[in-house]
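Model the following, please.
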Amino acid sequence: MNYRRLPLLALSIFALLAGLWAGLLRLGWSVPPIEDNLYIIHGPLMVCGFLGTLISLERAVALGTTFGYAAPVLSATGALALISGRSEPIGAALINFASLCLIGDFAAILRRQTALFTVTMAFGAVAWFIGNFLWLAGAPMTGVFFWWTAFLVLTIVGERLELSRLTGMADRNRLSFTLSVAPFIVGLFVAHKLPALGLRLAGFGMVALALWLTRYDLARRTVKQKGLTRFIAVNLLTGYFWLGLGGAAWLWFGDNLTTFHYDIILHAVFVGFVLSMIFAHAPIIFPSVLQRPLPYRRAFYAHVALLHASLAQRIGGDLWGSYLAYRWGGLLNVVAVVMFVANTARAVALSRSVASGQAATPIAAHRSSG
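The predicted structure is shown next:
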């Protein structure tokens, strides 16, 4: 195992757990605060501390250079600064530098391979930097969230576009993909000056991307298979559903960001889409980062089912104006993510035990035969 990676992965999980705790505070649950202003940094911890570190770490592993690790180190350190209660500009500044380093990573990637999928992910890194810069400059979250959304959406869509090349569908449908992603990117810049128009344009782009992914992604074929392959496909297709629903919410509500509308706009994408993608890719990403297998277990469907059922309840509460349904749905979202962490850790631990047992068996056999 590369022990440079393990501390960074552990810090990203720590940022996730702190972000979930902050989320419970924002939902109104009476939990003791780790730090007085923890509820304020729920979004930065989830997007930058957890996902920013994880995505940057994945890029660093792929690049295979020492410089590549600068981005995850800075984002993880920035998250620690936020959690420890240090002045917010320190954490925000570190995370800003992290996003600049990630742009540098993609500059190296583009030199190696300039393709539609690498350009798409590079746009995601740029969006992360713009959102981080606005956050550091003191912009309200309503002026930042769509840039952070773009970071995650473009990164994930770029990765799925890369894999769709295996079927040749991406090459045959480059134009339709470009026509889907273009309004999303343009909408981000328009939203900076004209939020009502820009958010709706970006929402239209997300709906178009969700339809494109549902139509052309490998998951349409692999969902008919069994085991891990089917599990990944189920998560991908349900994630595309939530991306489309989130885009529709952006398209419908625009800049009408009341509490319930804002909750749908954010969490249909961040919880429904992004977490589905994490659930799907964890059996692939974690082994590449940890250099340890993560065997598929049917128990993984438990956290998947709970996530989607609780998100449906939460959004139903938003639509009906039920604060109770919204709060309980949010609490169960947190439980689902904690279940995911526990199930993943257990699967890794069991694989280690099996590997140790298999390694010990020949030795024991040799001794008994002697």
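
packing partners for the helix or strand hosting residue 185?
The secondary structure element spanning residue 185 is helix 174-193 (assigned by DSSP states H and E). Of the remaining helices and strands, those touching helix 174-193 by 3 or more CB pairs under 8 Å, 6 or more residues apart in numbering; DSSP states H and E are helix 116-136, helix 145-164, helix 195-216. (C-beta placed from N, C-alpha, C; glycine too.)

Next, format the ones you listed as CSV and append mean neighbour count.
What follows is these, written out as CSV (neighbours: other CB atoms under 10 Å):
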stretch, mean neighbour count
helix 116-136, 22
helix 145-164, 24
helix 195-216, 21
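
Can you list the neighbours in contact with stretch 22-38?
18, 21, 39-42, 45-46, 83-85, 326-327, 330-331, 333-334 (CB atoms under 8 Å, 6 or more residues apart in numbering).

So for it, mean pLDDT?
In this model, stretch 22-38 has an average pLDDT of 83.

related to what we said a few turns ago, can you put the helices and strands packed on helix 174-193 in CSV and add distance to residue 59?
Formatted as CSV, the entries for the helices and strands packed on helix 174-193 read as follows, by distance: least, CB to CB, whole Å:
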stretch, distance to residue 59
helix 116-136, 9
helix 145-164, 9
helix 195-216, 21
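
Secondary structure class of the residue positioned nearest the centre of the chain, three-state.
Against the mean C-alpha coordinate of the chain, by CA atoms, centre = their mean, the closest residue is residue 274 at 4.3 Å. The three-state assignment at residue 274 reads helix, by DSSP: H, G, I helix; E, B strand; the rest coil.

Also residue 294?
Three-state secondary structure (criterion: three-state DSSP) places residue 294 in coil.

correct me, but it touches residue 279?
No: with contacts defined as CB atoms under 8 Å, residue 294 does not count as touching residue 279, sitting 11.9 Å away.

Among the two, which residue is more densely surrounded?
Between residue 294 and residue 279, counted using other CB atoms under 10 Å, the more crowded position is residue 279 (26 against 21).

So that one sits against residue 340, correct?
Yes: the pair formed by residue 279 and residue 340 meets the contact definition of CB under 8 Å, at 6.3 Å.

List the residues that contact the residue nearest to the centre of the chain.
Neighbours of residue 274 in contact, by CB under 8 Å, 6+ apart: 51, 152, 156, 239.

circling back to that earlier point, how about the helices and strands packed on helix 174-193 in JSON lines, adding distance to residue 186 and mean pLDDT?
As requested, those are arranged in JSON lines below (distance: least, CB to CB, whole Å; pLDDT from 0 to 100):
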{"stretch": "helix 116-136", "distance to residue 186": "11", "mean pLDDT": "96"}
{"stretch": "helix 145-164", "distance to residue 186": "11", "mean pLDDT": "93"}
{"stretch": "helix 195-216", "distance to residue 186": "6", "mean pLDDT": "96"}
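
Tell me which of the ones you listed lies nearest to residue 344.
Taking CB to CB as the criterion, helix 145-164 is the member of the helices and strands packed on helix 174-193 that comes nearest to residue 344, at 18.7 Å.

between the closest one and helix 174-193, how many degrees?
Direction vectors for helix 145-164 and helix 174-193, defined by axes from the mean of the first three to the mean of the last three CA atoms, to 10 degrees, enclose an angle of 170 degrees.

CA atoms of helix 145-164 as PDB?
The C-alpha atoms that make up helix 145-164 are tabulated as PDB, following Å, rounded to 0.1, in the frame of the first residue of the first chain:
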ATOM      1  CA  PHE A 145     -23.200  26.700  -5.000                       C
ATOM      2  CA  PHE A 146     -23.700  26.500  -8.700                       C
ATOM      3  CA  TRP A 147     -19.900  26.600  -9.300                       C
ATOM      4  CA  TRP A 148     -19.300  23.800  -6.800                       C
ATOM      5  CA  THR A 149     -22.200  21.800  -8.400                       C
ATOM      6  CA  ALA A 150     -20.400  22.200 -11.800                       C
ATOM      7  CA  PHE A 151     -17.200  20.900 -10.300                       C
ATOM      8  CA  LEU A 152     -18.800  17.700  -9.300                       C
ATOM      9  CA  VAL A 153     -21.100  17.300 -12.300                       C
ATOM     10  CA  LEU A 154     -18.500  17.900 -14.900                       C
ATOM     11  CA  THR A 155     -15.900  15.700 -13.200                       C
ATOM     12  CA  ILE A 156     -18.400  12.800 -13.000                       C
ATOM     13  CA  VAL A 157     -19.800  13.300 -16.500                       C
ATOM     14  CA  GLY A 158     -16.300  13.500 -17.900                       C
ATOM     15  CA  GLU A 159     -15.400  10.200 -16.200                       C
ATOM     16  CA  ARG A 160     -18.500   8.500 -17.600                       C
ATOM     17  CA  LEU A 161     -17.800   9.900 -21.000                       C
ATOM     18  CA  GLU A 162     -14.300   8.400 -20.900                       C
ATOM     19  CA  LEU A 163     -15.800   5.000 -20.100                       C
ATOM     20  CA  SER A 164     -18.500   5.200 -22.800                       C
END
